[in-house]
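Undergrad: model this:
(2 chains)
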There are 2 protein chains.
Amino acid sequence: MSVSLSGVHCAAATPVRPDLSPDLVAFAAHCRALLEDGCDGIALLGTTGEANSFSSVERREILEAALKAGIAADRLLPGTGLANVPETVELTRHALSCGVTTVVMLPPFYYKGASDEGLYAAYARVIEAVGDSRLRVVLYHIPQMTGLPISHDLIDRLRTAFPETVVGIKDSAGKIENMEAMIARFPGFAVLAGADPLLLPLMRMGGAGCITATSNLVARELAFIFRHATDPAREADVAAAQARINAYRDLSNSYVQIPAIKAMIGRRHGDAGWARTRPPLVAVDAAGQADLAARLDEIDTLFPGAMA
Amino acid sequence: MSVSLSGVHCAAATPVRPDLSPDLVAFAAHCRALLEDGCDGIALLGTTGEANSFSSVERREILEAALKAGIAADRLLPGTGLANVPETVELTRHALSCGVTTVVMLPPFYYKGASDEGLYAAYARVIEAVGDSRLRVVLYHIPQMTGLPISHDLIDRLRTAFPETVVGIKDSAGKIENMEAMIARFPGFAVLAGADPLLLPLMRMGGAGCITATSNLVARELAFIFRHATDPAREADVAAAQARINAYRDLSNSYVQIPAIKAMIGRRHGDAGWARTRPPLVAVDAAGQADLAARLDEIDTLFPGAMA
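TA: Have a look, this model is predicted:
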């Protein structure tokens, strides 16, 4: 069963043990907590999930751990895009073999300056080699990491060739104008915001939802915004939810974002081990963790959460 | 036996068959031709070799094919750096298991903005996990692809921690000032130019040699320059060699470089299949191949090669 792309999806972080192997138990518990928060889906193994710092073997283990922990396959949107086509095919096939049909797929991200024709060829080869009509691909536009923007012409070409398969995009570049233009040009194409402050404006212009890092912490508020974005009666509550989200996001961005998110998850779950990262990311140190905890206490006082 | 880093090393291109699988027979023949040209070493599976467009399984096959074809292990410098540490360890261990001890290692290249501390941790974990005193690592500075410059402070820290292991750098950023500063600061550290026009000035300031793409075509001239860079009696011949190299390089750069180099290798070996590339690189089309061939004929007339 494919995922409904509409909704709030968490770019789940991946906890690691002291030897930096994936902590599958803590990960499964975190996934359950995210669903309890109201996440519609879990976009595991994305940028926030440090996917590209894990081997393909580990990535398969992480996905399988979520499934074994009872997370439904149609709630999971793993990242499967690697720099090379054959291993992208393998990871995508693995997901499908587990019943997970929707994947978020980076373009092959080593070569900068790759043309639309080259990126089209890469995506087309993956989709054709996977050869499974159940497959649903969410393209991943994150030029600040890949150096390779997903152009609208590329989307058009992929949708024309694979209309049932290429169903949406995660736009992590943070420009609402780009999302608006994609919504206008591509009816039925799911445009998902990669940045929390953009969920509200995106929903008001017909977007599908979001996949964000801060939803590791404030998915409840994001889900509230998703439900009530266009309800004038809830405007004040929506603004309050957004203020809390923004405070969390601004705090994480005052550090290096992913390590800060992981440290903040550590506070949430009472497990300082969550702060560990894989190189090349560097964990927030003990002083930073204490600072984050103190500032989160302030935020939680100033911007209480948990609206219904 | 470890490679002498001094000399001209070819960033060998990797031919692929019509199904885009590596053409191991054509690759082995090309490696033999490069050694006959006078290459001191073959830096296979680098950027020009489209390494990151191949799976780890294929990369092992490509290295093994060169060895099986009789290329000595101490002439091979494979790239083994991937975005993640565990697979970098595996590929590096595989090379060592084949008797290949010198590798060219990219930093983990997905996360942009990684700090020196994070990059140090990544390299250190790889070297420690490989745990083989034979290992020699050539760092790979190619910020135009990775977004991650190898800073001098990072080199200093790695050399201090692993003085026998971290032995050199391939500098593909094209700035001679950076190479000069590394030569001055790091005695005994092998600075290799990644750009053909810089071999001559680099040798005159105490550099170790080069690893370049154009050496797939004009290694004879590069080897001549390497031998005679500081010989005033050969200055005219050196200039002639450099003119020929530059003409080849300028021609390849008037197209997208790597596909153009592959098409030019196709002309060299009389095998048009060499022009094929893996996505996201796009092969030079038939018209482009004809244009390259015609312009190479002109270059070969204007700048004849084969000095002794």
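
Undergrad: Regarding stretch A:218-236, how distant is the last residue from the first?
TA: End-to-end span of stretch A:218-236 (Cα to Cα, to the nearest Å): 18 Å.

Undergrad: Ok, stretch A:5-14 next?
TA: The first residue of stretch A:5-14 is 22 Å away from its last residue (Cα to Cα).

Undergrad: Repeat that for stretch A:180-192.
TA: 11 Å.

Undergrad: what sits up against that stretch?
TA: Stretch A:180-192 is touched from outside by A:5-6, A:9, A:138, A:152, A:155-156, A:159, A:167-171, A:179, A:202, A:205-211, with contacts defined as Cβ atoms under 8 Å, 6 or more residues apart in numbering or on different chains. C-beta coordinates here come from the backbone N, C-alpha and C atoms, glycine included.

Undergrad: and residue A:207, how far is that from residue A:215?
TA: 15 Å (Cβ to Cβ, to the nearest Å).

Undergrad: hey, where'd the strands end up in the stretch 101-250 of chain A?
TA: Taking DSSP state E, counting those that start in this stretch to define them, one finds strands in the stretch 101-250 of chain A at A:102-105, A:136-141, A:166-171, A:190-193, A:209-212.

Undergrad: which helix in chain A runs the most residues?
TA: helix A:235-254 (DSSP state H).

Undergrad: Just the CA coordinates for the next helix or strand after that one, please, in CSV.
TA: Once the chain leaves helix A:235-254, the next helix or strand it forms, by DSSP states H and E, is helix A:257-269. Taking C-alpha atoms only, helix A:257-269 is exported to CSV below (Å, rounded to 0.1, in the frame of the first residue of the first chain):
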residue,chain,number,x,y,z
GLN,A,257,21.1,21.8,13.0
ILE,A,258,21.2,18.0,12.9
PRO,A,259,23.4,17.5,16.0
ALA,A,260,21.2,20.1,17.8
ILE,A,261,18.0,18.2,16.8
LYS,A,262,19.6,15.0,18.1
ALA,A,263,20.6,16.6,21.4
MET,A,264,17.1,18.0,21.8
ILE,A,265,15.6,14.5,21.1
GLY,A,266,17.9,13.3,23.8
ARG,A,267,16.3,15.7,26.3
ARG,A,268,12.9,14.6,25.1
HIS,A,269,13.5,10.9,25.7
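
Undergrad: tell me the angle helix A:257-269 makes with helix A:235-254.
TA: For helix A:257-269 against helix A:235-254, the angle by axes from the mean of the first three to the mean of the last three Cα atoms, to 10 degrees is 120 degrees.

Undergrad: quick one: contacts of helix A:257-269?
TA: Contact partners of helix A:257-269, identified using Cβ under 8 Å, 6+ apart, comprise A:13, A:15, A:26, A:29-30, A:33, A:47-48, A:50, A:213-214, A:216-217, A:248, A:251-255, A:272-277, A:281-284, A:288-289, A:292-293, A:296.

Undergrad: how far is it from where the chain is centred?
TA: Between the centre of helix A:257-269 and the centre of its chain there are 15 Å (Cα atoms, centre = their mean, to the nearest Å).

Undergrad: mind checking pLDDT for the residue in chain A sticking out farthest from the centre?
TA: Centroid-distance maximum for chain A: residue A:233 at 29.7 Å, with Cα atoms, centre = their mean. Predicted confidence (pLDDT) for residue A:233: 96.

Undergrad: and if you look at the one 4 residues further on?
TA: According to the predicted model, the pLDDT of residue A:237 comes to 94.

Undergrad: Tally up the residues packed near it, please.
TA: Counted by other Cβ atoms under 10 Å in any protein chain shown, the residues lying close to residue A:237 total 16.

Undergrad: ranges for the helices of the stretch 101-250 of chain A?
TA: Secondary structure of the stretch 101-250 of chain A (DSSP state H, counting those that start in this stretch): helices at A:116-130, A:143-146, A:152-161, A:176-185, A:199-204, A:215-228, A:235-254.

Undergrad: is any part of the third one close to chain B?
TA: It refers to helix A:152-161. No: taking Cβ under 8 Å from any Cβ of the partner chain as the criterion, helix A:152-161 and chain B are apart, separated by no less than 11.0 Å.

Undergrad: average model confidence for that helix?
TA: 98.

Undergrad: From the contact counts, what lies against it?
TA: Contacts defined by 3 or more Cβ pairs under 8 Å, 6 or more residues apart in numbering or on different chains; DSSP states H and E place helix A:152-161 against helix A:116-130, strand A:166-171, helix A:176-185.

Undergrad: what comes up buried for it?
TA: Within helix A:152-161, the residues that count as buried by 16 or more other Cβ atoms under 10 Å in any protein chain shown are A:152, A:154-155, A:157-159.

Undergrad: Kindly report the residues of the stretch 201-308 of chain A close to chain B.
TA: For the stretch 201-308 of chain A, the residues in contact with chain B (Cβ under 8 Å from any Cβ) are A:256, A:278-282.

Undergrad: Try it again at 6 Å.
TA: By Cβ under 6 Å from any Cβ of the partner chain, the residues of the stretch 201-308 of chain A that approach chain B are A:279-282.

Undergrad: on that earlier part again, buried ones among the contacts of stretch A:180-192?
TA: Buried, going by 16+ other Cβ under 10 Å: A:5-6, A:9, A:138, A:152, A:155, A:159, A:167-171, A:179, A:202, A:207-211, out of the contacts of stretch A:180-192.

Undergrad: what stretches of the stretch 201-308 of chain A score poorly on pLDDT?
TA: In the predicted model, the stretch 201-308 of chain A carries pLDDT under 70 at residues A:305-308.

Undergrad: Recalculate using a threshold of 50.
TA: Low-confidence segments of the stretch 201-308 of chain A (pLDDT under 50): A:308.

Undergrad: quick revisit: of the strands of the stretch 101-250 of chain A, which is nearest residue A:95?
TA: When those are ranked by proximity to residue A:95, the top entry is strand A:102-105, at 5.6 Å, counting by Cβ to Cβ.

Undergrad: Can you give the contact residues for the closest one?
TA: Residues from elsewhere that reach strand A:102-105, judged by Cβ atoms under 6 Å, 6 or more residues apart in numbering or on different chains: A:2-3, A:43, A:77-81, A:92, A:95, A:136-138, A:140, A:170.
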